[in-house]
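In: mind looking at a prediction? Sequence and model below.
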Amino acid sequence: MSGNNSGIMRSRRALLRAGATAVAGATLGLPAWVAAQAAPVKIRYATGGGIGPNEMETVIFLDWMQKNVLRQYGKAYVVDMTYTRGTPEAATLLAAGQANMATLSFSVFATLMLKGAVPNGLSIVADNYQDAKPGYAANTFFVLDGSPIHKVEDLRGKRIGVNAYGSAVDLGLRVRLKKSGLDARKDVEIVEVAFPNIGAALREKRVDCGVLVIPFMVNETAKGGLRALFNGGDAFGSYAPIFQVATRDFIKSNRAAVSAFLADYVRGLQWFYDPANRKQAIALTAAFTKSPPELLDSYFMTSKDYYRDRNACVNADLIQRPVDAMVEQGLIPKPLKIADYLDPSLLPGTCGS
């Protein structure tokens with residue numbers, strides 16, 4: 001048999017096999033693509049600029065977790081994760097169609113929705129963490145221990161470091177400044193400094209005040225020499241700085257994959273909080289974040305950490321509160337009703353109001 005004929009025979013066999021699969025699917029009342037076991041959906045996920053404790057999705061979807069804890073990874077979905085500098089960059093990827101899901105801040109989310117920047121919009125699908133919940137950690141602005149800055153009004157003429165313009169901590173700063181009669185555009189200089197570098201910028205006096213979030217806040221305060229000036233709760237009360245979103249188009253086309261992702265996220269979150277898994281959870285996070293295990297063990301998943309809903313349920317009021325503050329402070333042109341954008345039905349459990 002010639003090479004060409006051999007190729008034709010192989011093609012015919014492939015067609016016959018495909019036909020048999022389709023017939024089998026039809027016999028079972030299933031579409032052919034189900035019977036053929038379609039490849040898992042790729043979820044392009046953009047982080048919000050943090051890793052580890054700051055954004056649990058970064059550790060929940062590590063290779064070890066995929067193989068040992070997550071039930072649907074590699075079956076219903078896979079994740080292509082992009083590590084961004086902050087939620088504004090994640091928003092740019094969503095708007096450009098280069099991400100399907102992301103972690104966004106309330107400020108960036110509100111701006112995106114009011115501008116209609118993402119075709120057909122976004123849905124809020126899962127909690128990330130809550131800031132300034134009584135009894136838990138809060139994102140905090142620090143000054144040097146010997147600084148003459150003792151109240152917010154003393155920041156006039158000073159340089160203040162945030163991770164990214166338009167991020168949750170940036171908006172918290174602007175609201176808090178305005179409450180003290182300061183104009184963020186005229187009375188202070190706000191500069192962008194990546195989260196891991198803010199502590200060094202303070203100590204080297206490149207900024208007079210800077211925001212520290214977990215895990216960097218724990219690392220830097222352990223060194224001493226810093227003094228807390230105010231936190232996110234002083235701007236908004238207890239609130240949700242960041243949360244997980246998905247484009248409505250992606251949900252419509254891949255609802256089962258998004259639900260599988262969130263089911264694994266919740267399963268992974270609960271695995272991390274199970275005391276029986278603490279040693280392994282600390283080891284995984286330490287290896288990924290390059291943090292000393294003993295330092296992580298001192299706060300991670302304790303009352304010294306952020307509060308996280310174990311079922312990843314989102315409380316609309318915790319997002320509505322800072323968004324309303326943005327309207328009051330003239331930072332966005334009109335109100336946004338957050339409840340209209342929630343889709344808790346994608347989570348594996350039942351969420352209350």
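Out: Good, I have the coordinates.
In: in stretch 94-108, what's buried?
Out: Buried residues in stretch 94-108, defined by neighbour count with 16 or more other Cβ atoms under 10 Å: Leu94, Ala95, Ala99, Asn100, Met101, Ala102, Thr103, Leu104, Ser105, Phe106, Ser107, Val108. C-beta coordinates here come from the backbone N, C-alpha and C atoms, glycine included.
In: er, stretch 68-81 actually
Out: Buried residues in stretch 68-81 (16+ other Cβ under 10 Å): Val69, Leu70, Gln72, Tyr73, Ala76, Tyr77, Val78, Val79.
In: with distance to Leu212, pLDDT and secondary structure added, can I get the residues you listed in a markdown table?
Out: As requested, the buried residues of stretch 68-81 are exported to a markdown table (distance: Cβ to Cβ, whole Å; pLDDT from 0 to 100; DSSP: H, G, I helix; E, B strand; the rest coil):
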| residue | distance to Leu212 | pLDDT | secondary structure |
| --- | --- | --- | --- |
| Val69 | 30 | 98 | coil |
| Leu70 | 31 | 98 | coil |
| Gln72 | 36 | 98 | coil |
| Tyr73 | 33 | 98 | strand |
| Ala76 | 38 | 98 | coil |
| Tyr77 | 34 | 98 | strand |
| Val78 | 34 | 98 | strand |
| Val79 | 28 | 98 | strand |
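In: and the residue most central in space within the chain, what are its phi and psi?
Out: The chain has Thr103 as the residue nearest its centroid, 3.0 Å off, counting by Cα atoms, centre = their mean. Main-chain dihedrals, Thr103, degrees, to the nearest 10: phi -100, psi 120.
In: leaving aside the residues adjacent along the chain, what's closest to it?
Out: Gly48 (3.5 Å; Cβ to Cβ, 6 or more residues apart in numbering).
In: list the contacts for the one you found?
Out: Contacts were defined as Cβ atoms under 8 Å, 6 or more residues apart in numbering; by that measure Gly48 touches Glu55, Thr84, Gly86, Thr87, Ala90, Ala102, Thr103, Leu104, Ser105, Asn128, Ile242.
In: do Ala260 as well
Out: Applying Cβ under 8 Å, 6+ apart, the residues contacting Ala260 are Gln72, Lys75, Ala76, Tyr77.
In: closest one of the residues you listed to Asn120?
Out: Nearest to Asn120 out of the contacts of Ala260 is Tyr77 (Cβ to Cβ; 20.7 Å).
In: and that closest one, what does it touch?
Out: Counted by Cβ under 8 Å, 6+ apart, Tyr77 has contacts Pro40, Val41, Lys42, Ile43, Asn254, Ala257, Val258, Ala260, Phe261.
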